[in-house]
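Chemist: Predicted coordinates and the sequence they were generated for:
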Amino acid sequence: MATFSCQTCGKPFSVPKATLDKYPGWTPKQCRDCKGGTAATTAGGGARPRGRRPSKVEENLTVDQVLAKYDAGPADGVFTDGSADPNPGPGGWGVVWVRDGRVVDRAHGSEPHTTNNRMELTALIHAYRMVPPGEAVTVWTDSKLCVDTITTWAPGWAARGWTRKGGDIANLDLVQELYALAVARPDIELRWIKAHNGSRWNEYADALATAWMRETV
C-alpha cells in the first residue's frame, strides 16, 4: 500500500501497489470519499464508509449579502478562501483583512483550470503579502490541510530538500512560496477556522473566492 494525502479533504488514504502499477506516473489526488470511487482505503487499511462527501457548501453570495446575513466569528485578522467548481476546474481565491470589524484591504482572483487546494494556498500567499512588515495579525483559513502543511509538515520537507516519504509533495511550487513567507513573518499566526459556521469574515472571503461566478462581487 502507498499512502497519499487527499487534496480535497486532507485525510491520508492508501492505494494498493497493484493499482498504481497499472497506471505508471499516476499520483492519486483524492480519497474515495471525495471522488466517489472504490479503490482507496484509509491509511490504517480499512475501507472508508460510502456516501460521505466534503461538508463545505458554497452559497455563492455577494459580499453585501454576506454582510447582511452573517455577524458571528472573529472581527480581526486576514480571512482567506479558495475553491474550484468542479474540482479540478475553474476556480478562485479571496482575501479580506479586517480590523475591529472594518475592512482594511481585500483582494481576489481566478484561474481557468485549478484545484481547491491550489486556490486555498494562493489565497494564503496573497494574505501574507497583503500585511505590511511588522504588522502582527492572525491569518485564518478553513483549510486544515493548508495549516498542517505549513506548520507541521513543511519544516521537515524543507530540511530534507523538499522531499517526503511516500511520493511527491502536492502543489510544491505554492507550498514552497507560502512556507518561505511564513518563515519570514513569525509575527503572523496561521490558524484554522471551521468552514460555513456563520463566521462573517470567513463567509466574506468565500464570496470573494466565488466572485468569478457572478457579475457582482
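Modeler: Structure received.

Chemist: can you list the domains in this protein?
Modeler: Residue ranges for the domains of the chain, per automatic domain parsing: 2-42, 63-213.

Chemist: Assign the residue nearest the centre of the chain to one of the three secondary structure states.
Modeler: Taking CA atoms, centre = their mean, the centroid of the chain lies closest to residue 120, which sits 3.4 Å from it. Reducing the assignment at residue 120 to three states with DSSP: H, G, I helix; E, B strand; the rest coil gives helix.

Chemist: got a list of what it touches?
Modeler: Shown here is residue 120, whose contacts under the criterion CB atoms under 8 Å, 6 or more residues apart in numbering are 80-82, 93, 141, 143, 145-146. The way it works is simple: take the backbone N, C-alpha and C, and place the C-beta from them, glycine included.

Chemist: now do 10 Å
Modeler: 7, 80-84, 91, 93, 141-143, 145-147, 149, 171, 174, 178, 209 (CB atoms under 10 Å, 6 or more residues apart in numbering).

Chemist: cool, and residue 158?
Modeler: 175-176, 179-180, 183.

Chemist: List phi and psi for it.
Modeler: Dihedral pair for residue 158: phi -60, psi -40, per degrees, to the nearest 10.

Chemist: pull the helix or strand with minimum mean pLDDT from the chain.
Modeler: For the chain, counting by mean pLDDT, DSSP states H and E, strand 41-42 ranks last in confidence among helices and strands (a mean of 36).

Chemist: buried ones in the strand or helix carrying residue 181?
Modeler: With secondary structure defined by DSSP states H and E, residue 181 is part of helix 172-184. Buried residues in helix 172-184, defined by neighbour count with 16 or more other CB atoms under 10 Å: 174-175, 177-179, 181-182.

Chemist: And the helices in the chain?
Modeler: Under the criterion DSSP state H, helices of the chain are mapped to 17-22, 32-35, 63-69, 116-130, 144-148, 154-159, 172-184, 200-209.
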